[in-house]
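*Asks:* Show me the folded form of this:
(one chain, ligands or ions: 1)
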Amino acid sequence: MRDLLNKIKTDVTERLAAVSSEDELEKLRVETLGKKGTLTQVLRGMGALSSEERPVIGQLANDIRSYIEKEMANKKEALAKSALENKLRAEKIDVTAPGTTVRVGKRHPIDQVEQTLCDIFTSMGFEIAEGPEVEYDTYNFQKLNIPENHPARDTQDTFYINERILLRSQTSPVQVRVMEKQRPPIRIISPGRVYRSDAVDATHSPVFHQLEGLVVDKGITMSDLKGMLTAFAKQMFGENTKIRFRPHHFPFTEPSAEVDVSCFVCGGKGCRVCKNEGWIEILGSGMVHPNVLRGCDIDPKIYSGFAFGMGIERIVMIKYAIDDMRLLYENDLRFLEQF
Ligand code: DAH
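*Replies:* Now for the predicted structure:
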């Protein structure tokens with residue numbers, strides 16, 4: 001029996017040295033010290049020993065048992081320690097390693113210019129009004145003095161939802177929506193998306209953006225329009241910018257004018273940006289037609305107003321000398337990152 005006990009001791013010591021996980025350790029413990037463990041079984045057989053042998057073997061068995069228990073406890077501690085070390089090593093962070101650059105997005109040039117326009121006009125006291133992109137024919141045309149079969153409809157052919165409802169071809173209907181709800185004094189701008197049934201080319205897109213402006217009050221004249229647009233052009237294109245009015249026709253203004261700015265690149269001498277004209281067309285404008293005022297229940301004998309509308313893409317293209325509008329919609333980052 002003495003031999004058996006010593007063998008258990010050497011076996012367990014050997015196996016313990018090879019144990020590399022807590023699970024293996026627990027398995028060895030059960031196999032040795034558990035109810036059916038090798039050592040437990042030897043201890044159980046002690047009853048068969050003679051009374052002289054029993055205390056001696058008993059003492060030896062107890063010594064071996066506590067030796068094994070102690071060794072197992074040590075092993076357990078060692079395993080826990082190395083597990084922690086492994087974890088610390090694996091999770092080590094090198095704070096000096098170069099970081100991953102986060103790419104920061106920015107606003108699209110159309111959005112940037114729209115924001116600049118809004119800033120300039122709100123600083124002059126304009127409020128921002130919004131209107132629907134899906135609009136009634138009456139607001140997009142009729143109430144703007146463009147009756148059915150009017151030739152102006154041809155140049156603004158758009159997409160129809162049904163006979164009465166369409167995708168607005170201009171931001172001008174917002175003028176009417178505001179005048180129907182608000183009484184003068186009115187001073188609003190309205191930026192937004194508009195639609196036209198146009199084929200895509202370097203200067204056309206079926207979806208684009210406009211910014212509308214409207215001022216209605218007592219005693220508003222064309223010189224107010226001119227003064228305001230001059231101030232706007234200087235802020236947008238530079239202090240030396242001049243503007244010029246060219247007579248034009250819009251059904252909802254009378255008189256109407258197209259407005260050019262002196263070329264901010266060449267100062268008017270003629271260059272690639274102004275196509276050697278010295279001037280660049282930027283918007284349409286005029287005095288609000290009495291029919292439009294009347295339709296909104298505003299008396300043209302008491303009130304007058306001016307309106308203007310510009311294409312935002314056009315302003316972007318002028319400002320950055322972009323010669324093809326499609327570049328603005330292709331979402332090529334190599335292009336967009338330049339702004
Ligand atoms: N709505 C016109 C267009 O899309 C632009 C315009 C011209 C707006 C004259 C106006 C204006 O408010 O007075 O061509």
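*Asks:* what about the residue in the stretch 101-250 of the chain positioned nearest to the ligand, neighbour count?
*Replies:* In the stretch 101-250 of the chain, no residue comes nearer to the ligand than Gln170, which is 3.6 Å away by CB to the nearest ligand atom. For glycine as for every other residue, the C-beta is placed from the backbone atoms N, C-alpha and C. Look at Gln170: counted by other CB atoms under 10 Å, it has 25 neighbours.
*Asks:* again with Val12
*Replies:* For Val12, using other CB under 10 Å, the count is 23.
*Asks:* what about it, which helix or strand?
*Replies:* In this assignment (DSSP states H and E), Val12 forms part of helix 2-18.
*Asks:* ok so, going back, per-residue confidence at the residue of the stretch 101-250 of the chain closest to the ligand?
*Replies:* Model confidence at Gln170, given as pLDDT, is 97.
*Asks:* Look up phi and psi at the closest residue to it other than its chain neighbours.
*Replies:* Excluding the flanking residues, the one nearest Gln170 by CB to CB, 6 or more residues apart in numbering is Val194, at 5.6 Å. Backbone torsions of Val194, given as degrees, to the nearest 10, read phi -130, psi 160.
*Asks:* Could you do Gly286 as well?
*Replies:* For Gly286, the backbone dihedrals are phi 160, psi -180 (criterion: degrees, to the nearest 10).
*Asks:* got it, and Val207?
*Replies:* The phi/psi pair for Val207 (degrees, to the nearest 10) is phi -130, psi 130.
*Asks:* do the same with Gly213
*Replies:* phi -140, psi 150.
*Asks:* got it, and Met310?
*Replies:* According to degrees, to the nearest 10, Met310 has phi -130, psi 150.
*Asks:* Which residue, neighbours along the chain excluded, lies closest to it?
*Replies:* Leaving out its chain neighbours, the residue that sits closest to Met310 by CB to CB, 6+ apart is Leu283, at 3.7 Å.
*Asks:* did I read that right, the one you found in a strand?
*Replies:* Yes. Assigned with DSSP: H, G, I helix; E, B strand; the rest coil, Leu283 falls within a strand.
*Asks:* I figured it hits Glu258, correct?
*Replies:* Yes. Judged on CB atoms under 8 Å, Leu283 makes contact with Glu258 at a distance of 7.4 Å.
*Asks:* Great, nothing more from me.
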